[in-house]
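1. this one's structure only:
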């Protein structure tokens, strides 16, 4: 590499990443992230009127958009080679595979066994066990009764 | 001396289905292995360097061949998958009229409760020809309830019920194993499954599982010891949760604050009813108080049992045999102890378990088991 | 297989195999700087993949229990101060911007600017840790850390089930704690990088890739917080609780 | 055997010419402990791994000795539990996961693709130190009283009930896991970025493909188990409730997360073995491998599908019935790529010029043993039969057929094959051959009875079986076989070490094998190649017909 280092670097990254971006590129990204953060807090403070799912979806969508901006612009994946992009998203693509674990919990309740549910009143299980085991030391129960069916699964 | 049984007894409705499938897969497996082994050995000999085999036109790729050994195994696999899944769905779908028996697993015994309240330990009596559904829960760690002769097994998980079912089809006694590693005495956490005629089973239930006998006070104490669940922690040698009670009577005990007491009746009584008052050195305060929970009569019996010097270590297996015959209805069961055992802070902080083994006890239990089976 | 000498790079490397040489600092195992830099970037991303999976498992555990115990967790989460968390979020966001600008300055070989910006990142990280410290000690004062001493006072948890609240705080400490460890490690790495810039080490001054690699790591730390903040501090009110909610929103 | 001996290694025979190679490049301890040479690190790994293998093997011997009698021979239950836990932990985390990638892979991967070293040599060295630090912690845990959870660390036993050195052992495994991750990162980057000019993806030796697939599994799976085990430590140390059922956690979740790594880990162990076998079969059949693309892509398919089958370890764990069914289906599909490999290797032998040297005997043994291990997997992939067989000796036999019969046999075969390259010396061929036969016989005697025993319902991890004495004959057979197997594993250490001092010089390519690693001298120089190789030919360009005719002509000439 007898040529000047700058040239070497320029040569080395002819196709990705070395293009010096204008300052505005980074400030704009930063602004988008800030707006995202403010929106998240605003969505949190806003009363969605019993639409828990929507509020969750909004919060997570904003988080993912923000993450996308960080990865794409700050981490220069935008300028990376196909291989670079592939590895940048490999982890995020693989997480859903891990999340398959959750499917199990979604389906446990579908089995034909009423006794699976600790709170099920039908079970003829020994009384002491039934009444005590699931809440060993909880003096309070705001919400034991309206637990999701899923929550009862374990 | 040795006989060579190659198969487990087949004593439930699933055994036949299971074995048919098992042998079918085994046939396929053997066939496949033989083909591969034969070809490998045959090629190795035939095409060994220097032999006069025909080596012209060597082949390096053959799509048809590749596809054939992709597609044929896939189809075979799917067929066996379908068959296996059908049987599996059966196994997971108990009939509506199944008799429900409750099983509680704990380190290291099985506690079984029949629908009418009859209880037994480490033994499961079931009527022949009737579908039985087991509803199971664990008090401590994960266990697995495994009856090889029935080809059924399922894990017993703390905090959540699991279930399995079967219909016994053959009278006899079969192995019952805990098949999920659960700690020191894992290999001895088992017993027998006894399949009875429905009539015999009814008799057995009616007699509370055994012929009633008069018990000595110490024997009654042993019963309570196991009933209340003292043996959960005080069973066997000193362990991480609690000191051993074997031969404790009359010994000097050292407390966490350094005080010393002779383990006499007063001390033992206080230790049962208000355990937090005096904590033995090396343990933390994890035992629940039994004040108000035991009648005086029961406390007396317990003291008699402890004074008799009985080694509670043997009580787990021995209970199932020597005492199982006398075991009668336990009205409250060990369930009451469940909460105590499950307290998050019931963890021993710096317990020092002794390394004393229990092999002798185990062998003793084996002998006792033989006697008990008579 | 035929072998010929690669033009310009066949001279002996015997012995001196660990020394880097040349202005860009090409290690002996690479043919040229391009190969080395590509390898570094791909290597860093494979590392970040492992980090994603590392945190991913925790997020999975979080998601599972959050779904199962949404009401108790909502009540427990009200004990976290979303303003403090918000300040920290903004703080990390700014540090991320500084870092991106530092990488840009490294591309331009503007040593002074790089050092100032990296210093800015360090300050942000320090502020982050200080705020974290106050949050943690607050929890410790109220016995809101898991274990036998966990508070028995359901009032301060707005009536949440204590067991489930304990799980919430358990995961809170586990996840933010692990993130905090990453912040500290990041500070160490950035410190080392600043030292190299300060000493005009040609490895960093002649080639922006080392700075870029540190930047990738730091952005990842920011990325994790982008998810941690809404998940722990900004939980929406579950439907079942919305009925007897006195005011709108979170409090 | 090739008679063309290259220039002698300096110093050994008083030759004035000192030949440079990686072994002679520095003789001090420091030159080894601070080396960044991938070949030296491979040798270091080989030493560490042999140590852990010996240790794990000793524990296995204790288990087998104990189980001869139904009520045990020498150990107490608590000790027995610690012994089998130690055997599992050491063998899985400190031996099998690292054995082929870290030794043969480290040594050969850069050479096979024509690189001077791995992409990150210092990271590679770090990996060895992490591995040993992890190993040291596990040893400390054992010396300090042991661990009794089994290698699976199932909660809540490991997190709340066991009061042995679980945290220490887990920390050790955590570090060893990072050794594995760094190796994986190194391999991935090296294969992507360091290939010599002309070394296209489809000219890569199959060993490289296999190690690449392994590396992908390593970086995607290992972090998950690392954090999962860390959670157990958190739960033990800081009482963070994560899997504890008392407070509402699900202990079965641990099993999900654990097997999410630990099933793919099986492929971390077996995929490199596939790579070794591909090399052995094609080199000793003197014939281009059959179905190169299918073998290469089946490695990737296994790596991918391997991540989607963890649930088949949990058929009786109380996971949902539907999930079990889906996992059973995918497991069946996963059998196909393994079958592809077996069939392709068999087809490679067809019309070859097969040399039955010791490595090839190991390869043939591998094919037999792995086939048995694979097909018994079908019993376990079928949910309804698995319910009966879960956690019995059937499983034990199955995975030992795959792990010992597969991975270790392949490792031994590969070690024998590349030994001349690594050391420049030839070992005693006939002893090696007979030892391979001994390993095969001893192995089958050890583990085949366990299939029968498992079908009869003998649970694993049982110390006593006095209540079921019908299992004793099988345990006896198994223990007898283990003795033979232990001998078969010990003997190579002697003749291989002996070859270092008295072995015949190997020359660059004693087997007449094809591949870039055989183009350089034995032992190779520190930077592997004097010049950067440029690859112009396809991989495995053997000519079985021509070679055969040549041999025939030579024989005819000798006769006349």
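-> Right, received. Where do you want to start? What you see is a predicted model; the values in this text were computed from it and never measured. Numbering: from 1, shown residues only, chains lettered A, B, ... in the order given.

2. near chain D, which residues of the stretch 151-251 of chain C show up?
-> Applying Cβ under 8 Å from any Cβ of the partner chain, we find that the stretch 151-251 of chain C lies next to chain D at C:161, C:163-164, C:166-167, C:170-171, C:173-174. Every residue, glycine included, has its C-beta placed from N, CA and C.

3. Pipe those into TSV and attach neighbour count per row.
-> Listed next are those as TSV, based on neighbours: other Cβ atoms under 10 Å in any protein chain shown:
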residue	neighbour count
C:161	29
C:163	23
C:164	27
C:166	30
C:167	28
C:170	27
C:171	25
C:173	19
C:174	22
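
4. Which ones, among the residues you listed, also lie beside chain B?
-> Among those, no residue lies close to chain B (Cβ under 8 Å from any Cβ).

5. Quickly check these for the two that are furthest apart.
-> C:161 and C:174 (19.4 Å; Cβ to Cβ).

6. ranges for the strands of chain D?
-> D:425-426, D:504-505 (DSSP state E).

7. Just name the most buried of those strands.
-> Ranked by mean neighbour count, the strands of chain D are led by strand D:425-426 with a mean of 20 (mean count of other Cβ atoms under 10 Å in any protein chain shown).

8. got a list of contacts for it?
-> The contact list for strand D:425-426, computed with Cβ atoms under 8 Å, 6 or more residues apart in numbering or on different chains, reads D:1, D:419-420, D:499-500, D:503-506, D:510.

9. can you do 10 Å?
-> D:1-2, D:9, D:419-420, D:432, D:496, D:498-507, D:510, D:522-523 (Cβ atoms under 10 Å, 6 or more residues apart in numbering or on different chains).

10. In helices, which of these fall?
-> Within the contacts of strand D:425-426, residues falling in helices by DSSP state H are D:419-420, D:432, D:496, D:498-502.

11. Nearest to chain A: which residue in chain D?
-> Closest residue of chain D to chain A, Cβ to the nearest Cβ: residue D:320 (3.7 Å).

12. burial count for that residue?
-> 20 (other Cβ atoms under 10 Å in any protein chain shown).

13. returning to what we had before: now the strands of chain D as JSON lines including mean pLDDT and distance to residue B:277?
-> Converted to JSON lines, those look like this (pLDDT from 0 to 100; distance: least, Cβ to Cβ, whole Å):
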{"stretch": "strand D:425-426", "mean pLDDT": "92", "distance to residue B:277": "74"}
{"stretch": "strand D:504-505", "mean pLDDT": "90", "distance to residue B:277": "80"}
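
14. Would you convert these into a markdown table that also reports distance to residue B:267?
-> Shown next, in a markdown table, are those (distance: least, Cβ to Cβ, whole Å):
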| stretch | distance to residue B:267 |
| --- | --- |
| strand D:425-426 | 74 |
| strand D:504-505 | 80 |
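
15. For the closest residue to the residue of chain D closest to chain A other than its chain neighbours, give me its contacts.
-> Distance criterion Cβ to Cβ, 6 or more residues apart in numbering or on different chains; nearest residue to residue D:320, sequence neighbours excluded, is residue A:107 at 3.7 Å. Residues in contact with residue A:107 (Cβ under 10 Å, 6+ apart) are A:153, D:319-324, D:326.

16. and with 8 Å instead?
-> The neighbours of residue A:107, taking Cβ under 8 Å, 6+ apart as the test, are D:320-323.

17. same question, residue D:364
-> Contacts of residue D:364 by Cβ under 8 Å, 6+ apart are B:40-41, B:44.

18. Now a ChimeraX select for only the buried ones of those.
-> Selection of buried members from the contacts of residue D:364 for ChimeraX, criterion 16 or more other Cβ atoms under 10 Å in any protein chain shown:
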select /B:40,44
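
19. Can you tell me the number of residues neighbouring the residue in the stretch 1-150 of chain D that chain C sits nearest to?
-> Closest contact between the stretch 1-150 of chain D and chain C, by Cβ to the nearest Cβ, is at residue D:117 (3.7 Å). By other Cβ under 10 Å, 26 other residues sit near residue D:117.

20. Grab the longest helix from chain A for me.
-> helix A:82-107.

21. Pull out the buried residues from that one.
-> In helix A:82-107, counting by 16+ other Cβ under 10 Å, buried: A:84-85, A:87-88, A:90-91, A:94-95, A:97-98, A:100-101, A:104-105, A:107.

22. Over to residue C:195: give its phi and psi.
-> The phi and psi torsions at residue C:195 (degrees, to the nearest 10) take the values phi -60, psi -40.

23. Tell me the confidence at it?
-> pLDDT recorded at residue C:195 is 95.

24. same deal with residue D:25?
-> In this prediction, residue D:25 carries a pLDDT score of 84.

25. do the one 10 residues further on as well
-> At residue D:35 the predicted local confidence, pLDDT, stands at 91.

26. Touching, it and residue D:125? I think so.
-> Yes - using Cβ atoms under 8 Å, residue D:35 is in contact with residue D:125, at 6.8 Å.

27. Identify the contacts common to these two.
-> residue D:41.

28. how much space between residue D:447 and residue D:369?
-> 9 Å (Cβ to Cβ, to the nearest Å).

29. Identify the contacts common to the two.
-> Counting by Cβ under 8 Å, 6+ apart, the common neighbours of residue D:447 and residue D:369 are D:401, D:404-405.

30. Most neighbours among those residues, which one is it?
-> residue D:405 (28 neighbours).

31. dump the residue contacts of it.
-> Residue D:405 sits next to D:365-366, D:369-370, D:372-373, D:443, D:447 when contact means Cβ under 8 Å, 6+ apart.

32. do the same with residue D:348
-> D:281-282, D:285, D:287-290.

33. Same list, the residues you listed, but as CSV with neighbour count, distance to chain A and pLDDT please.
-> Compiled in CSV, the contacts of residue D:348 are given as follows (neighbours: other Cβ atoms under 10 Å in any protein chain shown; distance: Cβ to the nearest Cβ, whole Å; pLDDT from 0 to 100):
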residue, neighbour count, distance to chain A, pLDDT
D:281, 29, 31, 94
D:282, 28, 29, 93
D:285, 29, 35, 91
D:287, 28, 34, 89
D:288, 21, 29, 90
D:289, 24, 27, 91
D:290, 27, 30, 91
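
34. Out of the residues you listed, name the two that are farthest from one another.
-> Maximum distance among those (Cβ to Cβ): 10.9 Å, for D:281 and D:288.

35. Hmm, residue B:225 is touching residue B:231, no?
-> Yes - counting by Cβ under 8 Å, residue B:231 is a contact partner of residue B:225 at 5.9 Å.

36. where does the stretch 51-200 of chain B dip in pLDDT?
-> B:117 (pLDDT under 70).

37. Try it again at 80.
-> Low-confidence segments of the stretch 51-200 of chain B (pLDDT under 80): B:115-119, B:159-161.

38. Kindly provide the distance from the residue in the stretch 351-500 of chain D that chain B sits nearest to to residue B:147.
-> Among all residues of the stretch 351-500 of chain D, residue D:457 sits closest to chain B, at 2.5 Å; criterion: Cβ to the nearest Cβ. Distance of residue D:457 to residue B:147, computed by Cβ to Cβ: 8 Å.

39. what do you get for residue D:28?
-> Counting by Cβ to Cβ, the gap from residue D:28 to residue B:147 is 64 Å.

40. burial count for the closest residue to residue D:60 other than its chain neighbours?
-> Nearest residue to residue D:60 in three dimensions, chain neighbours excluded: residue D:87, at 5.2 Å (Cβ to Cβ, 6+ apart). Per other Cβ under 10 Å, the neighbour tally for residue D:87 reads 21.

41. which among the shared contacts of residue D:447 and residue D:369 gets closest to residue D:387?
-> The closest of those, once distances to residue D:387 are taken by Cβ to Cβ, is residue D:401, at 20.8 Å.
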